[in-house]
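K.L.:
How does the following fold in three dimensions:
(2 chains)
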Number of protein chains: 2
Amino acid sequence: MTERSHSPLPNIPQSPYPKVVIIGAGFAGLKLARNLNKKKLQVVLLDKNNYHQFQPLFYQVATAGLEPSAISFPLRKIFHHSKNVIFRMAEVESVDTAQKRLFTDSGFLDYDYLVLAMGADTNYFGAKNIEFFASPMKTVSEALYIRNKIISNYEQAINIEKQENRRALMNVVIVGGGPTGVELAGAMAELRNNVLPKDYPELSFKNMKVVLIEAGPSLLASMSDEAKEHALEYLKKLGVEVKLETKVQDYDGQQVFLENGNKIETQTLLWAAGIKPNRINGLQDELFAKNGRILVDKFNQVRGLEGVYALGDICLMEIDDYPKGHPQVAQVALQQASALAKNLVKYEEGKEGEPFKYKDLGSMATVGRKLAVVDLPFIKFQGLFAWLTWLFVHLMAILGVKNKLLIFLDWSWNYLSFDPSLRLLIKPKYVRASERRELIEEK
Amino acid sequence: MTERSHSPLPNIPQSPYPKVVIIGAGFAGLKLARNLNKKKLQVVLLDKNNYHQFQPLFYQVATAGLEPSAISFPLRKIFHHSKNVIFRMAEVESVDTAQKRLFTDSGFLDYDYLVLAMGADTNYFGAKNIEFFASPMKTVSEALYIRNKIISNYEQAINIEKQENRRALMNVVIVGGGPTGVELAGAMAELRNNVLPKDYPELSFKNMKVVLIEAGPSLLASMSDEAKEHALEYLKKLGVEVKLETKVQDYDGQQVFLENGNKIETQTLLWAAGIKPNRINGLQDELFAKNGRILVDKFNQVRGLEGVYALGDICLMEIDDYPKGHPQVAQVALQQASALAKNLVKYEEGKEGEPFKYKDLGSMATVGRKLAVVDLPFIKFQGLFAWLTWLFVHLMAILGVKNKLLIFLDWSWNYLSFDPSLRLLIKPKYVRASERRELIEEK
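P.N.:
Below is the predicted model of the structure:
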């Protein structure tokens, strides 16, 4: 624990209202804070970053289709007109639920309600080598890293004489056949088919492989059979090698070793195969399910801990309709946040809360530049119209008129020119000399 | 020298034409390569980055007005349709002018013509502490660093209780009263006046200083008296503390020590006070002037070295009109590149070259959101119309329709909303574990 965490977090205005502290400004935390705007509660929203990240489009950043800023939203700006909502960039260290006190790297906060909405991080299922060498994609920063890595691989490949020595630099292997894996594979294949050959006329792209590996028997496990089949068909059309019922055993940074004995040469292994909830110190072990999710009741209250709630990917609500908990998707996080916002207001009015009920609005995934699969409760469809639906739904979900405009401009441009223009290797190369020294001392 | 530099740079196509190797894709190098498109010469353009950087707008990136990608242009894309131009991302190591061979970190290149266009870097004039603690702004990466530093300072300041302990985090000091310093100071003052108070309502911005320090007797030394006076007046109106005839003696990362004995508390010292040409190994000492510029004749040929040329900031052409050389500005670089392109074609046709003649098209600088000063050969003007002129000229100079559109959208948005929306602290936080290890081993 840092020294600072022993004094209160400074500059929190006095308020006559009970204090709601929300950890994490993902879909759940942000929605809750917005819905509590102008309610008789003081809301303190904490996040490691000063922006909200729109996860569904990370794959576009990784494949040079969108700028990080187009899908990142400064949190302070969102709350300019919300006087009862305060944002703080801070790292949470631990919670003392008996004292109702949260410790952060900048001071502690006493809460009346605490909401855990820290989401999930990449799960390597204990595979240390994969964790060490593979690239995850759970933050904008990680997505940007992938973009830079791929461009940098090609700039290296062109300086290598022999085709066989270029293979590991040129191949891309994606693990995980969920929406993220499918979308990444589609976008990578389109880069290979249409964009990279124009940039690197000296290289042959016939030999560049885009491989998608999934341990289960189908892609998009949670979607309909029609969606599964169409996604597979679309990916194959784009030239993606899809390997179902295939498990990755090991990876040494140059070769992926499969359980069936085969190997694939690649320096770029993108890992989208699993997530694990982020932890916070100070909660007892029995509050966690085996998979690390926090057990909550129907009101999203952490079991037995009055005033402490958990939302979204991080929580596990075992109810009749979903005995293994809800799917870890944005829709659940958003709906739980709305429900909790209403309940908190009710509690303050001395009323009882309403139990959470999930309304499945359907799911969708895009494959490449103009195809998608869409499952709605009443209809399933695929193809170009599905892609337009996907585009519209995501554009509407994006915060801010300017970002909508920017993304629309980017997408229209890419569609018309077939030439995503963000192939910039703007590395964070520059660090001030004094901080370079600090960096070395830290290590 | 690396091992690789002892074998030829691979994958350079065979060509019947003489080879022009250009080092640096700044204003000069890029212009030359573009003007040699479809000429009977094979052009190899080298740069450390895979993009061209539009320096005049770095200050907009530093002050959260523009995204790095809006002023960075992928070089490969620029040359998609230029079959005789090859781009390579490489670090140049040295030149052997006797052998006509250039060594890079990826192999060597034999040239017929070599063009040095590596530009200039920040000059601290030997002040080691300043170099260690101050922030330069000669690359997009450095400009992005400044943006992140300022936002991060404010996120820290809000977690500090006492006003006096926040001062060093909140003050910004800029050294150098040239166009870069003036533009940075104006944009910083507007952030302070209009944007930051909305983001950080808990902090008082009355005490935040924006200081511009210039050693000489006026700002914008190379411009007209009207421009100098108006720039000073505009900056003062914006609340910038301008200190003329003031020299910085030392800086310890917390306080700037002035020669007159005064001190200013700041963690943010932006250094725009001087440049020094980038060097290349292998050229004899007598080819350099005292200030590090390479001595060239009227044809931009390095003195006494046939087939070797230097363009732009890096070169010094002592002629009657400019006995101390031309100003180190974009216009000179661009005009020298055009002249050399014509001359190289003439040389190949067995003709004589034309000596370079600089046509001064004037200069301009912007101060804040809607004022500028413009000196043209035939007229000088200031104010809003000057700002519109500045806007138009820079928008036209930017490469690419999409970037023009993006910048226009950004600017219109900022102007209408008075709220630059790029206040994102997207740090290059993520580095793959395997590379973190490499990084540590390197150090």
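K.L.:
C-alpha from now on. contacts and neighbour counts both.
P.N.:
Will do.
K.L.:
Do you know the pLDDT at the residue in the stretch 251-400 of chain A that chain B sits nearest to?
P.N.:
In the stretch 251-400 of chain A, the residue that lies nearest chain B is residue A:253 (8.3 Å; CA to the nearest CA). For residue A:253, the pLDDT comes out at 94.
K.L.:
Which neighbouring elements make contact with whatever helix or strand residue A:346 lives in?
P.N.:
According to DSSP states H and E, residue A:346 maps onto helix A:330-348. Under the contact definition 3 or more CA pairs under 8 Å, 6 or more residues apart in numbering or on different chains; DSSP states H and E, helix A:330-348 sits against helix A:27-35.
K.L.:
contacts for the helix it packs on?
P.N.:
A:22-24, A:43, A:45, A:52, A:79, A:85, A:115, A:117, A:311-312, A:330, A:333-334, A:336-338, A:340-341 (CA atoms under 8 Å, 6 or more residues apart in numbering or on different chains).
K.L.:
So for it, mean pLDDT?
P.N.:
Here the average pLDDT along helix A:27-35 is 97.
K.L.:
next one: stretch A:112-126
P.N.:
pLDDT averaged over stretch A:112-126 gives 97.
K.L.:
Now residue A:18: phi and psi?
P.N.:
In terms of degrees, to the nearest 10, the main-chain angles of residue A:18 are phi -60, psi 150.
K.L.:
Remind me which helix or strand the residue of the stretch 201-350 of chain A found nearest chain B belongs to.
P.N.:
Of all residues in the stretch 201-350 of chain A, residue A:202 sits closest to chain B, at 6.5 Å by CA to the nearest CA. Using DSSP H and E, residue A:202 falls within no helix or strand.
K.L.:
Do I have it right that it meets residue A:157?
P.N.:
No. Applying CA atoms under 8 Å as the test, residue A:202 and residue A:157 come out as separate, 10.1 Å apart.
K.L.:
where does the stretch 201-350 of chain A come near chain B, residue by residue?
P.N.:
Counting by CA under 8 Å from any CA of the partner chain, the stretch 201-350 of chain A comes close to chain B at residue A:202.
K.L.:
Repeat the analysis, applying 10 Å as the threshold.
P.N.:
A:201-203, A:252-253 (CA under 10 Å from any CA of the partner chain).
K.L.:
If any of those are buried, give me the PyMOL selection for them.
P.N.:
Only the buried entries of these go into this PyMOL selection, using 16 or more other CA atoms under 10 Å in any protein chain shown:
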select buried, chain A and resi 203+252+253
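K.L.:
mind checking pLDDT for residue A:66?
P.N.:
Predicted confidence (pLDDT) for residue A:66: 85.
K.L.:
Just confirm it is within a strand.
P.N.:
No. Read with DSSP: H, G, I helix; E, B strand; the rest coil, residue A:66 is coil and lies in no strand.
K.L.:
what ranges do the helices span in the stretch 1-150 of chain A?
P.N.:
A:27-35, A:58-62, A:75-78, A:128-133, A:140-157 (DSSP state H, counting those that start in this stretch).
K.L.:
Mean neighbour count and distance to residue A:265 added to these, as CSV?
P.N.:
What follows is these, written out as CSV (neighbours: other CA atoms under 10 Å in any protein chain shown; distance: least, CA to CA, whole Å):
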stretch, mean neighbour count, distance to residue A:265
helix A:27-35, 24, 37
helix A:58-62, 25, 20
helix A:75-78, 21, 41
helix A:128-133, 18, 13
helix A:140-157, 21, 13
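K.L.:
and residue B:219, which of these is closest to it?
P.N.:
helix A:75-78 (34.7 Å; CA to CA).
K.L.:
which other residues reach that closest one?
P.N.:
Contacts with helix A:75-78, where a contact means CA atoms under 10 Å, 6 or more residues apart in numbering or on different chains, come from A:25, A:30, A:34, A:45-47, A:49-53, A:82, A:85-89, A:399-400, B:195-196, B:198-201, B:419, B:421, B:423-424.
K.L.:
In the stretch 1-150 of chain A, where is pLDDT below threshold?
P.N.:
Residues of the stretch 1-150 of chain A meeting the criterion pLDDT under 70: A:1-5.
K.L.:
Would you pull up how far the helix or strand just after the helix holding residue A:346 lies from the middle of the chain?
P.N.:
Remark: after helix A:330-348, the chain's next helix or strand is strand A:363-367, criterion DSSP H and E. In terms of CA atoms, centre = their mean, to the nearest Å, the centre of strand A:363-367 is found 15 Å from the chain centre.
K.L.:
Mind listing what's buried along strand A:363-367?
P.N.:
Buried-residue list, strand A:363-367, by 16+ other CA under 10 Å: A:363-367.
K.L.:
What average pLDDT does that strand get?
P.N.:
Mean predicted lDDT for strand A:363-367 stands at 94.
K.L.:
now for that strand, which elements pack on it?
P.N.:
helix A:179-190, helix A:225-237, strand A:371-375, strand A:380-383, helix A:384-397 (3 or more CA pairs under 10 Å, 6 or more residues apart in numbering or on different chains; DSSP states H and E).
K.L.:
Let me have the ones you listed in a markdown table, extended by distance to residue B:153, mean neighbour count and mean pLDDT.
P.N.:
As requested, these are exported to a markdown table (distance: least, CA to CA, whole Å; neighbours: other CA atoms under 10 Å in any protein chain shown; pLDDT from 0 to 100):
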| stretch | distance to residue B:153 | mean neighbour count | mean pLDDT |
| --- | --- | --- | --- |
| helix A:179-190 | 35 | 26 | 96 |
| helix A:225-237 | 46 | 18 | 97 |
| strand A:371-375 | 43 | 24 | 94 |
| strand A:380-383 | 48 | 18 | 94 |
| helix A:384-397 | 31 | 16 | 89 |
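K.L.:
Which stretch among the ones you listed approaches residue A:133 most closely?
P.N.:
Taking these one by one with CA to CA, helix A:179-190 is closest: 17.7 Å.
K.L.:
For that closest one, name the packing helices and strands.
P.N.:
Using 3+ CA pairs under 10 Å, 6+ apart, helix A:179-190 is in contact with helix A:58-62, strand A:172-175, strand A:210-213, helix A:225-237, strand A:241-243, strand A:268-271, strand A:363-367.
K.L.:
Could you rerun that using 7 Å?
P.N.:
Helix A:179-190 sits against strand A:172-175, strand A:210-213, strand A:363-367, with contacts defined as 3 or more CA pairs under 7 Å, 6 or more residues apart in numbering or on different chains; DSSP states H and E.
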